[in-house]
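**Q** next come a sequence and a model predicted from it.
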Amino acid sequence: MSLTPLTLRRVGIDTFREHVAYLHRDCTAVRAEGFQALAKVEVRGNGDAVHAVLNVVDDAALVGPTELGLSEEAFTRLDLPAGHAVTVQQAEPPASIAALRRKIAGERLSREELHAIVGDIARMRYTKVELAAFVVATHQFEMDRDEVLHLTEAMIAAGRRLDWRQEVRGGPVVDKHCIGGIPGNRTSMLVVPIVAAHGMLIPKTSSRAITSPAGTADTMELLAEVELPLSRLAAIVRETGACLAWGGTADLSPADDVLIAVERPLAIDSPAQMVASILSKKIAAGSTHLVLDIPVGPSAKVRGMPEAQRLKKLFEHVAARLQLQIDVVITDGRQPIGRGIGPVLEARDVMQVLENHPDAPADLRQKALRLAGRVIEFDPDVRGGTGFAIARDILDSGRALARMNRIIDAQGRRPFDWRTPPVAPLSFEVTAAHDGVLVGVDNLALARIAQLAGAPKAAGAGIDLLCRLGDTVRAGQALMRVHARFEADLEFARRKALADPAWRLGTRDELPRDVVAGLSEA
């Protein structure tokens with residue numbers, strides 16, 4: 001241990017889900033302990049401690065020889081003021097490293113081993129390298145159903161759990177979730193007010209985008225505050241029967257948040273991790289009943305029906321063991337849902353549907369009604385098969401809009417005019433190279449173009465979709481309009497659109513039968 005106390009310094013660097021400590025090369029602790037860059041260290045102060053990865057610096061303007069710097073997340077976790085005395089020592093390896101090595105070797109892990117690994121991950125005791133090794137190992141050596149169950153249990157146990165039993169008095173606490181991968185698709189912002197207007201409790205905590213153009217929380221944040229402390233979130237749910245809030249403040253399944261930060265850059269989304277991630281957060285959030293949307297399409301996360309059915313059965317198995325009632329719905333994921341990609345344009349689409357505006361995207365409306373109907377059928381007083389009609393009546397009557405306005409006001413309304421959405425000032429259009437029928441859409445390419453244009457961070461960035469599968473187009477006709485706030489973002493998006501076209505033109509004979517018949521859902 002460094003016996004000489006060091007002065008704590010807040011280093012304004014966001015290391016995203018990783019604790020990093022900074023020591024100057026001339027620091028006595030570096031010399032005495034033989035610390036090397038990327039070593040794991042334990043920083044202690046006032047009886048508290050954090051584990052961090054060490055970075056050694058030469059610039060005294062960043063960290064001086066008598067100081068110890070912490071990245072933003074590590075500084076917040078230690079919860080001591082700048083200038084406080086701290087000590088640093090070599091960190092002991094996590095006790096679960098032996099189990100991690102077994103998984104890397106392809107062995108099956110026990111319930112106790114998975115709980116140990118997840119506990120160490122939640123306590124931020126794994127480096128990014130070790131996290132990546134766990135993610136890759138569980139992807140390469142597919143987990144069996146019991147391992148997935150134990151992983152899910154461990155993720156739930158590592159965080160806090162919300163309890164709504166007093167509010168529902170024995171009734172269901174419902175939720176709806178999509179596994180993702182489809183641009184737009186902002187159905188949760190429609191399902192929640194519809195279901196709440198029916199009288200069911202639906203406390204929806206959602207994520208922000210990590211590698212997608214928008215998350216539900218990013219889009220809802222245009223309309224209302226989403227970063228809510230738990231006490232206020234609970235009060236809002238009691239008042240309105242619902243919320244649409246960011247889940248990051250609730251500390252639900254914290255190990256999952258850490259793992260996601262590694263999975264997304266690696267583009268790994270294994271069935272085991274997906275099931276454990278989704279179900280752990282839903283159960284931790286207090287849900288008793290869940291409608292799960294699995295979109296299927298050539299550029300969706302799930303590419304075919306056999307894969308979708310296998311995933312459906314895995315979700316059902318784990319959910320049943322954890323006493324979560326689940327209804328898995330397999331939907332059409334061949335193209336985006338709605339006309340907009342990016343927070344501003346997706347918020348416009350949502351409000352158009354709630355307002356029953358004639359220009360509202362019909363696909364977003366229909367999918368939201370279908371999913372809301374399935375959620376409503378969890379109500380023991382609702383006969384099976386009647387949920388869609390109930391949901392449609394709630395939407396058409398304006399009750400869903402009224403409930404959404406109550407939720408927005410309770411969370412803290414923000415000014416947003418969906419009739420004149422504040423899109424970014426720069427734009428370009430992607431046009432058809434020749435006459436033809438739109439026979440293919442690449443969801444991944446569209447999402448990447450929207451990201452390069454600045455979504456979700458740059459205000460108003462995104463894509464307006466001007467055509468859909470099955471449309472006949474003429475040479476030079478606009479297929480989409482890309483919006484960006486900055487010239488550099490606009491140019492990056494333009495290059496991507498030219499290099500990787502998101503649209504495929506062909507003949508009507510190349511269209512699937514259901515598209516020709518009206519694009520019915522799978």
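**A** All right, it came through fine. Numbers count the residues shown, from 1 in each chain.
**Q** what's the closest non-adjacent residue to the residue nearest the centre of the chain?
**A** Central residue of the chain (C-alpha atoms, centre = their mean): Ser207, 4.0 Å from the mean position. Closest residue to Ser207 apart from its sequence neighbours, by C-beta to C-beta, 6 or more residues apart in numbering: Gly215 at 4.8 Å. From N, CA and C alone the C-beta is placed, and that goes for glycine too.
**Q** and the one you found, how close does it get to Gly297?
**A** For Gly215, the distance to Gly297 equals 20 Å [C-beta to C-beta, to the nearest Å].
**Q** quick one, what contacts the residue nearest to the centre of the chain?
**A** Gly215, Thr216, Ala217, Trp246, Gly247, Gly248 (C-beta atoms under 8 Å, 6 or more residues apart in numbering).
**Q** quick one: which of those residues has the most company?
**A** Within the contacts of Ser207, most neighbours by other C-beta atoms under 10 Å means Thr216, with 29 neighbours.
**Q** now do the contacts for it.
**A** Arg186, Ser188, Met189, Lys204, Ser206, Ser207, Leu244.
**Q** wait, what's in contact with the closest residue to Asp442 other than its chain neighbours?
**A** Once flanking residues are discounted, Asp442 sits nearest to Ala502: 4.5 Å by C-beta to C-beta, 6+ apart. By C-beta under 8 Å, 6+ apart, the contact list for Ala502 reads Val430, Val441, Asp442, Ala445, Leu446, Ile449, Met480.
**Q** just the ones in strands from these, please.
**A** Mapping those onto strands (DSSP state E) picks out Val430, Val441, Met480.
**Q** count of neighbours near the first one?
**A** It refers to Val430. Val430: 21 neighbours (other C-beta under 10 Å).
**Q** what do you get for the last one?
**A** The local packing count at Met480 equals 22, with neighbours defined by other C-beta under 10 Å.
**Q** dig out what it forms beta bridges with.
**A** Note on Met480: beta-bridge partners Val430, Leu465, judged by DSSP bridges.
**Q** pLDDT score for it?
**A** Looking at Met480, its pLDDT reads 98.
**Q** surely it meets Glu429?
**A** Yes - the criterion here is C-beta atoms under 8 Å, and Met480 meets it with Glu429 at 7.0 Å.
**Q** what about the residue nearest to Asp442, distance to Leu465?
**A** Per C-beta to C-beta, Ala502 is found 10 Å from Leu465.
**Q** the longest helix that the chain contains: which residues count as buried?
**A** In terms of residue count, the longest helix belonging to the chain (DSSP state H) is helix 305-321. Across helix 305-321, burial judged by 16 or more other C-beta atoms under 10 Å covers Ala308, Leu311, Lys312, Leu314, Phe315, Glu316, His317, Val318, Ala319.
**Q** from Leu311, how far off is the residue nearest to Leu252 when sequence neighbours are not counted?
**A** Closest residue to Leu252 apart from its sequence neighbours, by C-beta to C-beta, 6+ apart: Ala284 at 4.1 Å. To Leu311, Ala284 is 21 Å away according to C-beta to C-beta.
**Q** let me see the contact set for Pro229.
**A** By C-beta under 8 Å, 6+ apart, Pro229 lies in contact with Thr249.
**Q** what pLDDT is listed against it?
**A** We have a pLDDT of 89 for Pro229.
**Q** same check on Ala29?
**A** We have a pLDDT of 82 for Ala29.
**Q** count of residues packed around it?
**A** Considering only other C-beta under 10 Å, Ala29 is surrounded by 23 other residues.
**Q** can you classify it as helix, strand or coil?
**A** Secondary structure, DSSP: H, G, I helix; E, B strand; the rest coil: Ala29 is helix.
**Q** pretty sure it contacts Leu6?
**A** Yes - contact status for Ala29 versus Leu6: in contact at 6.7 Å, counting by C-beta under 8 Å.
**Q** give me the distance between the two termini of stretch 263-271.
**A** The first and final residues of stretch 263-271 sit 12 Å from each other (C-alpha to C-alpha, to the nearest Å).
**Q** need the longest strand for the chain.
**A** What stands out as the longest strand in the chain, according to DSSP E, is strand 48-57.
**Q** got a list of contacts for the longest helix of the chain?
**A** For helix 305-321, the external contacting residues (C-beta under 8 Å, 6+ apart) are 145, 148-149, 152, 179, 271, 274-276, 278-279, 290, 292, 294, 296, 302, 325-326, 328, 330, 522.
**Q** just the helices in the stretch 51-200 of the chain please.
**A** For the stretch 51-200 of the chain, the helices defined by DSSP state H, counting those that start in this stretch cover 72-78, 97-104, 111-122, 128-140, 145-157, 165-168, 188-198.
**Q** out of those, which gets nearest to Val237?
**A** Nearest of the helices of the stretch 51-200 of the chain to Val237, taken as C-beta to C-beta: helix 165-168 at 6.9 Å.
**Q** and stretch 466-486, how far apart are its ends?
**A** 22 Å.
**Q** same check, this time on stretch 84-94
**A** 27 Å.
**Q** same question, stretch 416-425
**A** Stretch 416-425 has an end-to-end distance of 17 Å (C-alpha to C-alpha).
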